[in-house]
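**Q** 3D, please:
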Amino acid sequence: MLKKIIIVGAVALSATGVFFSMNEVAVANSASTSHKLESDPTQLNSDLLKEKIKAKLGLTVRKVETTPVPGIALLITNQGLFYSSYNGDYFIQGKVYSLVSEVTDLAEQSLSNMRLEGLEVFKDDMIEYKAKDEKYVVTAFTDITCGYCRKMHKQMDDYNSRGITFRYLAYPRSGIKDQAGNFSQGFKDLRSVWCSEDPATALTKAKNSQNVAYRVCDKPIEGQFNFGRQVGVNGTPALVLSNGMMVPGYQPPEQLEQLLKNL
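**A** Take a look at the predicted model:
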C-alpha cells in the first residue's frame, strides 16, 4: 500500500514538474518574442516606438506613419515632425527627400494635412479681414513686433481688393513665457488684442504702434503658438494656403495673388 502511494506521489510530482517546466518555456518564449519585436529594426510596432521616444526624449508621439524609406518611420509629435528607425534606436531631426522620380519632401503631405486639421480647430478664434469679392483665403501666423508682418498688414486693402481674405493666428515670436517663467510681453500683447471687443481694429492699432488696452480672457494664444511650432512655423509671417501648403515670409499682394492663381 505504501509502495503504491509513493509511486502515485512520484507520478504526480513528475507531472507537476513537467507542467511548470512547459509554462516556464512558454513565458521564456513570450519574453524572447517581445524582446525581438522591440529590437527588430525591420518590424514597426507603433506603441513600443511611442513609449521608447517618450522615455528617451520626452516627446509625445501623436501618430506614427511608415515612409518609403525601409526601416524609417515618420513621427508626428507635440514638437513637430521627426523620423526614427522602426525600433527607436536612431532618431532623425530634419527633412528626408525622395529622389526616385523627382525631389519630394516626404513629410510635406503629412504636414499639409496637420495644418488643415489645425486650422479647423482654431477657425472660430482667428482675426479675419474678409475680401468683399473673396476668391482665396490665406491664414497667417503673425506677431505684433514683426516688421514684415506690419508691412503686410498695411497692404491689407490691396490684398482684399484682389479677392484675398486674410485670417490671423497668434504667434508670439518671443515665446509664451520668459526666462523667469512669466508670460512674455509678446504673449500678453497678442492676448490683449484677441480679447478686445473689436479684435480686428485692435490688431491694426497694435501693428501701427498704438496702445491697446490690457485684456485677459480665455483665448487659445498658447494653443495657436504650439500648433504653429508643430507644423513648421519658425518665424513670422508664415502663410498657410487653402491646400495646407505653407509659404514663409512676406509676400507682396501681386506676388501672392499670382501664387494663389497657380495652385
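**Q** can you list the domains in the protein?
**A** The record assigns the chain these domain ranges, following automatic domain parsing: 46-111, 125-261.
**Q** In CSV: those, plus mean neighbour count and distance to D40.
**A** The way it works is simple: take the backbone N, C-alpha and C, and place the C-beta from them, glycine included. Formatted as CSV, these follow (neighbours: other Cβ atoms under 10 Å; distance: least, Cβ to Cβ, whole Å):
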stretch, mean neighbour count, distance to D40
domain 46-111, 15, 6
domain 125-261, 17, 30
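**Q** hey, least reliable of these by pLDDT?
**A** For those, mean pLDDT drops lowest on domain 46-111, to a mean of 91.
**Q** now do the same end-to-end measure for stretch 138-150.
**A** 16 Å (Cα to Cα, to the nearest Å).
**Q** no no, stretch 211-230
**A** 31 Å.
**Q** what does the strand or helix carrying Y148 contact?
**A** Element membership for Y148 (DSSP states H and E) is helix 147-154. With contacts defined as Cβ atoms under 8 Å, 6 or more residues apart in numbering, helix 147-154 is touched by 140, 142-143, 159, 203-204, 207-208, 236-237, 249-251.
**Q** Out of the domains of the chain, flag the one nearest E117.
**A** Closest to E117 of the domains of the chain, according to Cβ to Cβ: domain 125-261, at 9.0 Å.
**Q** Find the residue closest to the spatially most central residue of the chain in space, skipping its chain neighbours.
**A** Compute the mean C-alpha point of the chain, and by Cα atoms, centre = their mean the closest residue is Q230, 3.0 Å away. Excluding the flanking residues, the one nearest Q230 by Cβ to Cβ, 6 or more residues apart in numbering is G80, at 5.4 Å.
**Q** What separation is there between K130 and S84?
**A** Separation of K130 from S84 (Cβ to Cβ, to the nearest Å): 42 Å.
**Q** Same check on E51?
**A** 12 Å.
**Q** One more: T236?
**A** 30 Å.
**Q** ranges for the helices of the protein?
**A** For the chain, the helices defined by DSSP state H occupy 2-39, 46-57, 108-121, 147-154, 156-161, 185-194, 199-207, 221-230, 253-261.
**Q** Tabulate the domains of the chain (TSV), appending distance to E117.
**A** Converted to TSV, the domains of the chain look like this (distance: least, Cβ to Cβ, whole Å):
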stretch	distance to E117
domain 46-111	11
domain 125-261	9
